[in-house]
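*Asks:* For reference, the sequence and a predicted model appear below.
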Amino acid sequence: MDNPRNPEAKELVIKRLACADLDPGFVRAAQPELFAELVDTCSDCQCGDRCQSDFAEPDAGEKVAAYCPNTRRVDELLVAKPDSFGPVQKWRGAV
């Protein structure tokens, strides 16, 4: 296989959503198909190592958003987000 799937995709999507001030557990519970699409897109991305190292930086959200193939979908979630999408509380066991 020329394009190995990224085994850390779910973890990276969770970090990506959290950096965007979205609750990953809520997104996964409320929109499981979308969450799966985000993970699938991330799995095929060639920037997994770069993404992982950028999440260690203080401005991770801005850095990752510049090249993340899920940026459009994450931005759409932010625009459409009801108050409950925010990180006010975490859903136990949802992620």
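*Replies:* Right, received. Where do you want to start?

*Asks:* Now the longest helix belonging to the chain: buried residues?
*Replies:* Determined from DSSP state H, the single longest helix within the chain is helix 32-44. Residues of helix 32-44 classed as buried: Phe35, Leu38, Val39, Cys42, Ser43 (neighbour count, 16 or more other C-beta atoms under 10 Å). Glycine gets a C-beta too; all of them are placed from N, C-alpha and C.

*Asks:* One more: stretch 6-22?
*Replies:* For stretch 6-22, by 16+ other C-beta under 10 Å, it's 6, 9-20, 22.

*Asks:* Enumerate every residue touching the residue nearest the centre of the chain.
*Replies:* Here the mean C-alpha position of the chain is nearest to the C-alpha of Val13 (C-alpha atoms, centre = their mean), at a distance of 2.7 Å. Going by C-beta atoms under 8 Å, 6 or more residues apart in numbering, Val13 touches Pro24, Phe35, Leu38, Val39, Cys42, Asn70.

*Asks:* where exactly do the strands run in this structure?
*Replies:* With DSSP state E as the definition, the chain shows no strands.

*Asks:* what about the helices in it?
*Replies:* Taking DSSP H as the test, the helices found in the chain are 9-19, 24-30, 32-44, 48-54, 60-65, 71-80.

*Asks:* what residues does the shortest one touch?
*Replies:* By C-beta under 8 Å, 6+ apart, the surrounding residues in contact with helix 60-65 are Lys15, Arg16, Cys19, Ala20, Cys51, Asp54, Phe55, Glu57, Thr71, Val74.

*Asks:* Just give me how far that helix sits from the chain centre.
*Replies:* Chain-centre distance of helix 60-65: 11 Å, with C-alpha atoms, centre = their mean, to the nearest Å.

*Asks:* do the same with the first one
*Replies:* Centroid separation between helix 9-19 and its chain, computed with C-alpha atoms, centre = their mean, is 3 Å.

*Asks:* Also the fourth one?
*Replies:* Distance of helix 48-54 from its chain centroid, counting by C-alpha atoms, centre = their mean, is 13 Å.

*Asks:* What average pLDDT does that helix get?
*Replies:* The pLDDT scores in helix 48-54 average 91.
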